[in-house]
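Peer 1: any chance you can model this:
(one chain, ligands or ions: 1)
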Amino acid sequence: METFKIEPNIEIYPKAVNFLEEYSFTSKDLVFISGSVYRKHFENRFSDAKVIFHSDYGKGEPSNHLVDAILADVCLADYNRVIAIGGGTIIDVAKLLALKEVQPVMDLFDKDLPATKERELILVPTTCGTGSEVTNVSILEIVERKTKLGLAVDPLFADTAVLIPELISDLPFSVFATSSIDAFIHAIESFISPKATPFSMMYSKEAMKMIIKGYKKIVENGKDYFKVLSEDFLIASCYAGIAFGNAGTGPVHAMSYPLSGAYHVAHGEANYVFFTMVFKTYQALKPKGRITELNSLLAEILCCASDEVYSELELLFGKIIEKNSLSFYGVKKQELQDFTANVIEKQTRLMVNSYVTLTYEQILKMFEEVYE
Ligand SMILES: [Fe+2]
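Peer 2: Here you go, the predicted structure:
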């Protein structure tokens, strides 16, 4: 049986002020927001709502320690609505704050603690990558286990996803680049996933098309041109989120988690390290299958031959974001076996979405290929 669903309502407002005109806030609201976005667009606009800032609870990617630090400060029982305005970290953590019970966080992720939705949840992304505003997934670094883990359960769906292109135009180019490449990888991994359906594939295709065309325009017109395309990229990221929310992401994400968990590499950047290597491996192991359809689609968008699509993508993406080796991030060669074991043992949720079943040796070989 093939299934497909889009859970939250999706609203689009051109500017933050249009969103504020539509919503009113009370003391029963908990707003979790990035400090810089708050100061630029929302300062003193949330009435009596309790406002908490990401930067007050640690920096960087989301972790179970960040959730514990917030819960030491905030009594969730005081609120009946959670509004998150930020990047992947803020959104993924806010999904947990809408639950009835959150601690111990590790038990929640091990599914020893049931996830029950208790509060209305409104998610406003300020990057164009995670697509997390439309998925039922929360990804956290579990510090004690030195890796990221994902919890994918329906109580994590938002009630409303709010898209505000103005917030994307504020991003530094490097954040735009790493987040939009993450969106592209969501689209391509979900397209080739065994769980893909004609419905999810339609969203994957459109997202890939919009991102490649957008990158080409940025290469032609200069880096700042992404601001002109902010609505396109925000919608593409949301499409990719709908696609992977239904069909999943796969080995590129699985392989990136030990790297970003141990070396704190930004999520999209870590994914990019493995992206073309995984797809070239698919091509070598199983050249006949959905990859043929994917390659023809990419060839059409990129205007190249279908056996050149991965080198063409590297060429185009290389003009947007620099690709680094594992050694660049300080990874030691002897860690590659641990990374591989982590992928096999801890990332089964993602590895089941691989286009081909990958062995320990094949995964280790890919880690070695991107080492230097
Ligand atoms: Fe991702």
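Peer 1: neighbouring strands - and their directions - for the helix or strand bottoming out on mean pLDDT in the chain?
Peer 2: Ranked by mean pLDDT, DSSP states H and E, the weakest helix or strand in the chain is strand 147-152, scoring a mean of 85. Strand 147-152 has its sheet partners listed here by DSSP bridges as strand 137-142 (antiparallel).
Peer 1: surely residue 32 is within a helix?
Peer 2: No - under DSSP: H, G, I helix; E, B strand; the rest coil, residue 32 sits outside any helix and is assigned strand.
Peer 1: tell me the pLDDT at it?
Peer 2: On the pLDDT scale, residue 32 is placed at 98.
Peer 1: go on, residue 5?
Peer 2: For residue 5, the predicted pLDDT is 92.
Peer 1: check the one 4 residues further on too.
Peer 2: The predicted local distance difference test score for residue 9 is 97.
Peer 1: swap in residue 261?
Peer 2: Predicted confidence (pLDDT) for residue 261: 82.
Peer 1: hmm, it is touching residue 147, no?
Peer 2: Yes - judged on Cβ atoms under 8 Å, residue 261 makes contact with residue 147 at a distance of 4.1 Å. (C-beta placed from N, C-alpha, C; glycine too.)
Peer 1: list residues touching both of these two?
Peer 2: Residues within reach of residue 261 and of residue 147 at once, by Cβ atoms under 8 Å, 6 or more residues apart in numbering, are residue 141.
Peer 1: from residue 56, how far off is residue 284?
Peer 2: 48 Å (Cβ to Cβ, to the nearest Å).
Peer 1: next: residue 356.
Peer 2: Taking Cβ to Cβ, one finds residue 356 at 45 Å from residue 56.
Peer 1: same check on residue 120?
Peer 2: Distance, residue 120 to residue 56, using Cβ to Cβ: 23 Å.
Peer 1: who has more neighbours out of those two?
Peer 2: Shown here are residue 120 and residue 56; by other Cβ atoms under 10 Å, residue 120 has more neighbours (16 against 10).
Peer 1: once you drop chain neighbours, what's closest to the more buried one?
Peer 2: residue 81 (4.4 Å; Cβ to Cβ, 6 or more residues apart in numbering).
Peer 1: can you name the next helix or strand after the lengthiest helix in the chain?
Peer 2: Longest helix in the chain by number of residues (criterion: DSSP state H): helix 198-221. Next in sequence after helix 198-221, counting helices and strands by DSSP states H and E, comes helix 230-247.
Peer 1: report all helices and strands that that following helix contacts.
Peer 2: Counting contacts by 3 or more Cβ pairs under 8 Å, 6 or more residues apart in numbering; DSSP states H and E, helix 230-247 packs against strand 160-163, helix 165-169, helix 173-192, helix 198-221.
Peer 1: could I get the CA-only coordinates of it as PDB?
Peer 2: Listed in PDB are the C-alpha atoms of helix 230-247, where the atom choice follows Å, rounded to 0.1, in the frame of the first residue of the first chain:
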ATOM      1  CA  SER A 230      14.300  33.500  -1.400                       C
ATOM      2  CA  GLU A 231      10.600  32.500  -2.000                       C
ATOM      3  CA  ASP A 232      11.600  29.900  -4.600                       C
ATOM      4  CA  PHE A 233      14.200  28.400  -2.300                       C
ATOM      5  CA  LEU A 234      11.900  28.400   0.700                       C
ATOM      6  CA  ILE A 235       9.200  26.700  -1.300                       C
ATOM      7  CA  ALA A 236      11.700  24.200  -2.800                       C
ATOM      8  CA  SER A 237      12.900  23.300   0.700                       C
ATOM      9  CA  CYS A 238       9.300  22.800   1.800                       C
ATOM     10  CA  TYR A 239       8.600  20.600  -1.200                       C
ATOM     11  CA  ALA A 240      11.700  18.500  -0.400                       C
ATOM     12  CA  GLY A 241      10.500  18.300   3.200                       C
ATOM     13  CA  ILE A 242       7.200  16.900   2.100                       C
ATOM     14  CA  ALA A 243       9.000  14.400  -0.200                       C
ATOM     15  CA  PHE A 244      11.400  13.100   2.500                       C
ATOM     16  CA  GLY A 245       8.700  13.300   5.200                       C
ATOM     17  CA  ASN A 246       6.900  10.600   3.200                       C
ATOM     18  CA  ALA A 247       9.800   8.700   1.500                       C
END
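Peer 1: can you pull the pLDDT of the residue lying closest to residue 27 once chain neighbours are set aside?
Peer 2: Nearest residue to residue 27 in three dimensions, chain neighbours excluded: residue 48, at 4.0 Å (Cβ to Cβ, 6+ apart). For residue 48, the pLDDT comes out at 96.
Peer 1: residue 48 looks like it's in a strand, true?
Peer 2: No - judged by three-state DSSP, residue 48 forms no part of a strand; its state is coil.
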